[in-house]
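In: model the following, please.
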Amino acid sequence: MKILVDTHAVLWYQANDPKLSRVFRDVMEDNSNRCYVSIVSLWEIALKSSIGKLPLRMSLNAFFYTIEQAGFTSQTLAPSHLLLSATLPMHHRDPFDRMLIAQAKAEEMQLLTADPHFALYDVPLLKA
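Out: Predicted coordinates:
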């Protein structure tokens with residue numbers, strides 16, 4: 001299964017936060033699944049960290065390294081994702097989330113998230 005992991009779930013995974021259930025941690029660690037982290041999530045983490053809205057327990061470089069070492073694949077941003085995001089209904093105005101939804105739809109991935117707004121879109125979800 002191809003899974004795009006929402007930003008908060010990546011943060012919970014890396015911090016071993018109990019907000020990410022054991023079931024979904026197991027899904028993310030199951031070698032038969034391919035888990036992706038969007039470059040958009042990494043950008044969001046970098047941006048929020050740089051302005052003090054997201055304190056990390058390590059340097060940003062170290063954080064990105066731990067995500068790579070955990071086996072996540074980076075999902076790049078393609079023009080098709082941008083075009084699809086522009087056609088999404090405005091149920092949710094967060095540009096990072098809208099792009100994740102577009103990427104998951106375009107790449108036929110399930111989106112692992114705890115965000116209830118995502119259910120308003122026609123995208124397969126794994127609710128973290």
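In: quick one: the helices in the protein, in order.
Out: Secondary structure of the chain (DSSP state H): helices at 7-15, 22-29, 39-50, 60-69, 79-87, 95-106.
In: pLDDT below threshold where in the chain?
Out: Along the chain, segments meeting pLDDT under 70 span 128.
In: how about the helices of the chain, which one is nearest residue 127?
Out: Comparison of the helices of the chain against residue 127 by CB to CB identifies helix 22-29 as nearest, at 8.4 Å. Bear in mind the C-beta positions are built from the backbone N, C-alpha and C, glycine included.
In: and that closest one, what's buried?
Out: For helix 22-29, the buried set under the neighbour-count rule, 16 or more other CB atoms under 10 Å, comprises 24-25, 27-28.
In: from the contact counts, what lies against that helix?
Out: The contact analysis (3 or more CB pairs under 8 Å, 6 or more residues apart in numbering; DSSP states H and E) places helix 22-29 against strand 2-5, helix 7-15, strand 110-113.
In: make a markdown table from the helices of the chain and add distance to residue 117 to it.
Out: Shown next, in a markdown table, are the helices of the chain (distance: least, CB to CB, whole Å):
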| stretch | distance to residue 117 |
| --- | --- |
| helix 7-15 | 12 |
| helix 22-29 | 18 |
| helix 39-50 | 15 |
| helix 60-69 | 24 |
| helix 79-87 | 14 |
| helix 95-106 | 7 |
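In: out of the ones you listed, which gets nearest to residue 1?
Out: Comparing these by CB to CB, helix 22-29 comes nearest, at 8.1 Å.
In: and the nearest residue to residue 112 once chain neighbours are set aside, how many neighbours?
Out: Excluding its sequence neighbours, the residue lying closest to residue 112 (CB to CB, 6 or more residues apart in numbering) is residue 126, at 4.3 Å. Residue 126 has 21 neighbouring residues, counting by other CB atoms under 10 Å.
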